[in-house]
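> Mind looking at a prediction? Sequence and model below.
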Amino acid sequence: MKINTDFLGTGWSFPPEFNETEGKLAMTTDVEDINNSLKILLSTRPGERVMFPNYGCDLQDMLFKPLDLTLITQMKGIVERAILYHEPRINILSIEIDTQDELQGEVLIQVDYEVRNTNTRSNMVFPFYKGEATEI
């Protein structure tokens, strides 16, 4: 018996993709839609969305700060608050910050979560880049 997961929603693929042959926008559903929603949430600065100014996660303020235990704890708190306020479909199980590639300017944020209505577990890894894009 297949569980009905229509309540998890359907959204645009991220980044948006268009199917030229069908003339339609590519859509995502279920956990893939939740992961896309989390990526959008974590990469959006508060104030970027004019009609929803509180939406987002202010990680960019952390760019030039030294990556110590205090900053890691702050980052976890910022991510947790953003998800609690803006992604009601999930419960956070854990948030881990991987600083292994810090010297290359990359910090990985892993969010382990449980989908509330199905009790299924999943995770999403968000790459946060501490450096600026210089290779064009």
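Cool, the structure landed. Bear in mind that the values here come from a model prediction, so they are computed numbers and not experimental data. Numbers count the residues shown, from 1 in each chain.
> going forward, measure contacts and count neighbours with C-alpha atoms only.
Will do.
> which stretches of the chain form helices?
Under the criterion DSSP state H, helices of the chain are mapped to 30-43, 69-86.
> Any figure for the gap between the nearest residue to residue 25 once chain neighbours are set aside and residue 28?
Using C-alpha to C-alpha, 6 or more residues apart in numbering and skipping residues adjacent in sequence, the residue nearest residue 25 is residue 18, 4.5 Å away. Distance of residue 18 to residue 28, computed by C-alpha to C-alpha, to the nearest Å: 12 Å.
> So the two - more neighbours on which side?
Set residue 18 next to residue 28 and count neighbours by other C-alpha atoms under 10 Å: residue 28 wins out with 17 against 13.
> And the pLDDT for the more buried one?
Residue 28 is assigned 70 on the pLDDT scale.
> May I have the beta-bridge partners of it?
Going by DSSP bridges, residue 28 is paired in beta bridges with residue 11.
> and if you look at residue 110?
Under the criterion used (DSSP bridges), residue 110 bridges to residue 96, residue 125.
> Just give me the neighbour total for it.
Counted with other C-alpha under 10 Å, residue 110 comes out at 17.
> thought residue 92 was touching residue 110?
No: contact criterion C-alpha atoms under 8 Å: residue 92 and residue 110 do not qualify, at 10.8 Å.
> circling back: by mean pLDDT, show me the worst of the helices of the chain.
helix 30-43 (a mean of 88).
> helices or strands up against it?
strand 10-12, helix 69-86, strand 121-129 (3 or more C-alpha pairs under 8 Å, 6 or more residues apart in numbering; DSSP states H and E).
> redo that, cut-off 10 Å
Helix 30-43 is packed against strand 10-12, strand 27-29, helix 69-86, strand 106-115, strand 121-129, with contacts defined by 3 or more C-alpha pairs under 10 Å, 6 or more residues apart in numbering; DSSP states H and E.
> Quick one: closest of these to residue 100.
Closest of the helices and strands packed on helix 30-43 to residue 100 is strand 106-115, at 7.4 Å (criterion: C-alpha to C-alpha).
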